[in-house]
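[1] From the sequence below, what's the structure:
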Amino acid sequence: MLLDPLFERFVQGSPLSVMVRGTLEHALPAEALDSLFEQTAQRQYTHELLFSSLVDLMSLVVCGVHPHVQAAFQDRAERLPVTLKSVYEKLQRVEPAVSTALVQFAAERCAPLIRDLGGTRSDWLPGYRIKIVDGNHLGASQHRIQETRSRSAAPLPGMSLVVLDPALMLAVDVLVCENGHAQERSLFPELLGRVEADDVWIADRNFCTVDFLQGVAQRQGFFVIRQHASLTVVSEEKWGEAQDTDTGWVAERPATVQRDGADVLAVRWLRLRLQQRTRDGETEVWLLTNLPEAVDAETVAFLYRRRWTVETMFQELTQHLGCEVNTLGYPKAALFAFCVALVAYNVLAVVKAALRSVHGEDTVEQEVSGYYLALELTRVYAGMMIAIPEEHWEVFQGMRPQHMVRVLRQLAGKMALARYRKHRRPPKKPAPKRIHEKDQPHLATAELLEERKRLRNKQ
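    Have a look, this model is predicted:
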């Protein structure tokens, strides 16, 4: 084994936990995080509580090791030179630019590991960089802030736009907004500043505005976006011949996007007819793209269909990682917690890349459950950190990338994937109509089961 014998018990029992903590130490060393804070923060400054300590504290919450910040603080109280009140005050003032920089930094550090592992996923469109973007409004927080206590309405702490690189399965960027009522479109000007030549931006219809489409095209980027009903698209051409796809038939024709009756952008207009209705009951999906015609309509439809990848990321953030800490009512604190959850997601992306490099992409994508990965991490992590003192983890900080890759592959080879197998469920049955019993507010389950038994015996 390439690690100290002290790690051996956990390497045999839970190599996943060692991989996660080791990747955290290698990709996010404390000194680098503190330096990032000093370079990015405009108003905040370091007095006694280091930014790296704040990230470590919040990571314990979003990874489910502790249920809330107070519990994490009590676990770390002997190592922190401040009070719980000081921790909350610092959380309430973490600037959005710092939270964004943290996610970008983590992605930049994790991406080379994934590439060196050979764990990148198959390329969706060779020669282009695919970026999937979607918005997320944080769930309501508890009524802890004084101004919310007398209000019945749910207080919303903020929203974000997250950019996912599907080849690396990394959240490579995030834009955050403290106004929970803000629309995704309010962040479009800032998002357009991230567009680079040969990017292909895939998004749902909320991103389908004239300004966004024009902005991407002007920066030599490309888009595959579902048409919004409010956008005016005209064409004098007939639909081309329909092509078969896995989910239906797709046809296209050249068209023009208009604003106030004037042509502003030439696009390809695609009509995807579905074999099965969407969950909203739709039988057709209309797409707009400015990709060259060398990328055929079937490929464009395939790219958009795989937009669900970002939905899977949000599902993992919500269900497997605690990205919405409802005890944090102040917007800056809640958004910082969300960004730390994105960092944790990126660390798990490195783990999955190591698994893909050892066990194969199809095996990992089809059989490994993110839920069971997160469950084991929650169950083992705290005990492992007690058994292995923090100073022993510093070995990962100084590892050369080639050495780190060998360690990750060796640990991935020791993981029994059967422990993390997905359990695919059949489609849900329609919920039965409920009987509203006015005179009987409670039911005894035992009586209902006894009644079931009597009916079966009669049959």
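
[2] Please save the CA atoms from stretch 313-329 in PDB.
    Provided in PDB are the C-alpha atoms of stretch 313-329 (Å, rounded to 0.1, in the frame of the first residue of the first chain):
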ATOM      1  CA  MET A 313     -26.500  16.800 -10.100                       C
ATOM      2  CA  PHE A 314     -29.100  18.900  -8.300                       C
ATOM      3  CA  GLN A 315     -30.800  15.800  -7.000                       C
ATOM      4  CA  GLU A 316     -27.600  14.500  -5.600                       C
ATOM      5  CA  LEU A 317     -26.900  17.900  -4.000                       C
ATOM      6  CA  THR A 318     -30.300  18.000  -2.400                       C
ATOM      7  CA  GLN A 319     -30.800  14.300  -1.400                       C
ATOM      8  CA  HIS A 320     -27.300  13.000  -0.800                       C
ATOM      9  CA  LEU A 321     -25.500  16.200   0.200                       C
ATOM     10  CA  GLY A 322     -27.000  18.900   2.500                       C
ATOM     11  CA  CYS A 323     -26.800  21.800   0.000                       C
ATOM     12  CA  GLU A 324     -29.800  23.500   1.700                       C
ATOM     13  CA  VAL A 325     -29.000  24.100   5.400                       C
ATOM     14  CA  ASN A 326     -32.400  25.500   6.500                       C
ATOM     15  CA  THR A 327     -31.000  26.700   9.800                       C
ATOM     16  CA  LEU A 328     -29.000  29.300   7.900                       C
ATOM     17  CA  GLY A 329     -31.400  32.200   7.200                       C
END
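
[3] buried ones in that stretch?
    Counting neighbours by 16 or more other Cβ atoms under 10 Å, one finds that the buried residues in stretch 313-329 are 313-314, 316-317, 320-329. Every residue, glycine included, has its C-beta placed from N, CA and C.

[4] I'd like the mean pLDDT over that stretch, please.
    Stretch 313-329 shows a mean pLDDT of 76.

[5] ditto for stretch 224-235
    Mean per-residue pLDDT for stretch 224-235: 92.

[6] Same check on stretch 399-408?
    pLDDT averaged over stretch 399-408 gives 89.

[7] Tell me which of the buried residues of stretch 313-329 fall in helices.
    Residues of the buried residues of stretch 313-329 located in helices (DSSP state H): 313-314, 316-317.

[8] quick one: which of the residues you listed is nearest to Leu448?
    Glu316 (36.5 Å; Cβ to Cβ).

[9] low-scoring stretches of the stretch 301-450 of the chain, by residue?
    In the predicted model of the stretch 301-450 of the chain, residues 319, 425-428 satisfy pLDDT under 70.

[10] Export only the CA atoms of stretch 33-44, formatted as CSV.
    Provided in CSV are the C-alpha atoms of stretch 33-44 (Å, rounded to 0.1, in the frame of the first residue of the first chain):
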residue,chain,number,x,y,z
LEU,A,33,-8.0,28.2,0.8
ASP,A,34,-6.8,31.0,3.1
SER,A,35,-4.8,32.5,0.3
LEU,A,36,-7.9,32.4,-2.0
PHE,A,37,-9.9,34.2,0.7
GLU,A,38,-7.2,37.0,1.0
GLN,A,39,-7.2,37.5,-2.7
THR,A,40,-11.0,37.5,-3.2
ALA,A,41,-12.6,39.0,-0.2
GLN,A,42,-13.3,42.8,-0.4
ARG,A,43,-14.7,43.6,3.0
GLN,A,44,-14.1,40.5,5.2
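
[11] What residues sit buried inside that stretch?
    For stretch 33-44, by 16+ other Cβ under 10 Å, it's 33-34, 36-37, 40-41, 44.

[12] ok now that stretch, how far from the chain's centre?
    Centre-to-centre, stretch 33-44 and its host chain are 24 Å apart (Cα atoms, centre = their mean, to the nearest Å).

[13] And stretch 281-291, by the same measure?
    24 Å.

[14] got the buried residues for that stretch?
    Those would be 285-291, for stretch 281-291 by 16+ other Cβ under 10 Å.

[15] just stretch 52-68 next, same as before
    Within stretch 52-68, the residues scored as buried using 16+ other Cβ under 10 Å are 52-66.

[16] Select from the residues you listed every entry located in helices.
    52-62.

[17] Angles on the backbone of Thr83, please.
    In terms of degrees, to the nearest 10, the main-chain angles of Thr83 are phi -90, psi 170.

[18] now the angle between helix 51-62 and whichever helix in the chain runs longest, please.
    For the chain, the helix with the greatest residue count under DSSP H is helix 331-359. Angle of helix 331-359 versus helix 51-62, following axes from the mean of the first three to the mean of the last three Cα atoms, to 10 degrees, is 70 degrees.
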